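Participant: kindly generate the corresponding structure for this input.
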Amino acid sequence: MKKFEEIKFDLPVLKGISAKNIEEHLKLYAGYVKNSNLILEKIEEMPKDAEKNAYATSELQRRFGFEFCGMRNHEYYFRLLEGGAKSLDDKSPLREKITETWGSFENWLTRFKTVATTRGIGWAVLFYDPQTKSLLNAWVDEHHLGNLSGLSFIMGIDMWEHSFMIDYLPSQKKEYISAFFENINWDVAEENFKKIMHDY
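Facilitator: Numbers count the residues shown, from 1 in each chain. Predicted coordinates for the structure are as follows:
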């Protein structure tokens, strides 16, 4: 079985998010990659005595969802920070879809930031639903609980405390959210959206 590989991101100096915080955050990402691979290896060994290992296999499979989504969500997150901050063009397809859905980009941003301040650990995500051809904001607990089936990830923000703990207190979530948005390369989110539209 092909192993997942840790991506090395080319991140610039960020405004309001320190190099130390990014360094520690990337270590956690590397852990999700490592654990995703380890769990798949263990699962492959289990069929040698499937009945005896049924419970352990089930628990490993459950854990795999956590580790895999932790890995993949972080890949989306760090890619959004590559290449330096770039705004979303007024005539871009993604901005037009956001405006069509929420009336304006500013309306969407206000709602998305509200989702990001949800109590608990998790992710605020902008998804695209290919069935209804619509955008949806969602809160995902941890990395995987609440993921919306069949929807595609356009952009999202990590709201686990590890994503900001060196720079901000838990009571300063809003400051971290603002810093994240100051650093987004919207070209990446636009490319995610275009690829999704092309696939469907």
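Participant: got the residue ranges for the strands in this protein?
Facilitator: All strands of the chain, identified by DSSP state E, fall at 122-129, 134-141, 152-158.
Participant: okay, which residue is most central for this protein?
Facilitator: Nearest residue to the geometric centre of the chain (CA atoms, centre = their mean): Asn73, 3.0 Å.
Participant: ok, that residue - contacts?
Facilitator: When contacts are counted by CB atoms under 8 Å, 6 or more residues apart in numbering, Asn73 touches Trp123, Val140, His143, Phe153, Gly156, Asp158. All C-beta spots, glycine's among them, are computed from the backbone N, C-alpha and C.
Participant: circling back to that earlier point, in CSV, list the strands of the chain along with mean pLDDT and distance to Met197.
Facilitator: Listed next are those as CSV, based on pLDDT from 0 to 100; distance: least, CB to CB, whole Å:
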stretch, mean pLDDT, distance to Met197
strand 122-129, 97, 8
strand 134-141, 96, 12
strand 152-158, 97, 10
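Participant: nearest to Gly84, of those?
Facilitator: For Gly84, the closest of the strands of the chain is strand 152-158, at 16.0 Å, according to CB to CB.
Participant: between strand 134-141 and the closest one, find me the angle.
Facilitator: 40 degrees (axes from the mean of the first three to the mean of the last three CA atoms, to 10 degrees).
Participant: need the residues that contact strand 152-158.
Facilitator: 25, 72-74, 76-77, 80, 94, 116, 123-128, 130, 135, 140, 163, 177, 180, 184, 188-189, 192-193, 196.
Participant: direction included, what does that strand pair up with?
Facilitator: strand 122-129 (antiparallel) (DSSP bridges).
Participant: give me the buried positions along the strand it pairs with.
Facilitator: Neighbour counts using 16 or more other CB atoms under 10 Å place Gly122, Trp123, Ala124, Val125, Leu126, Phe127, Tyr128 of strand 122-129 among the buried residues.
Participant: looking at those, spot the one nearest Lys8.
Facilitator: Using CB to CB, those come closest to Lys8 at Trp123, 22.1 Å.
Participant: for Ile39, which of the strands of the chain is the nearest?
Facilitator: strand 134-141 (19.7 Å).
Participant: so for the closest one, what gets flagged as buried?
Facilitator: For strand 134-141, by 16+ other CB under 10 Å, it's Leu135, Asn137, Ala138, Trp139, Val140.
Participant: low-confidence stretches in the protein?
Facilitator: Applying pLDDT under 70 to the chain flags residues 47-48, 50, 200.
Participant: show me the domain layout of it.
Facilitator: As given by automatic domain parsing, the domain ranges for the chain are 19-79, 93-199.
Participant: these: which one's closest to Lys86?
Facilitator: domain 93-199 (4.8 Å).
Participant: now Gly156: how far from Glu45?
Facilitator: 34 Å (CB to CB, to the nearest Å).
Participant: which one's more surrounded, those two?
Facilitator: Gly156 (24 against 12; other CB atoms under 10 Å).
Participant: could you measure from the more buried one over to Trp123?
Facilitator: On the measure of CB to CB, Gly156 and Trp123 end up 5 Å apart.
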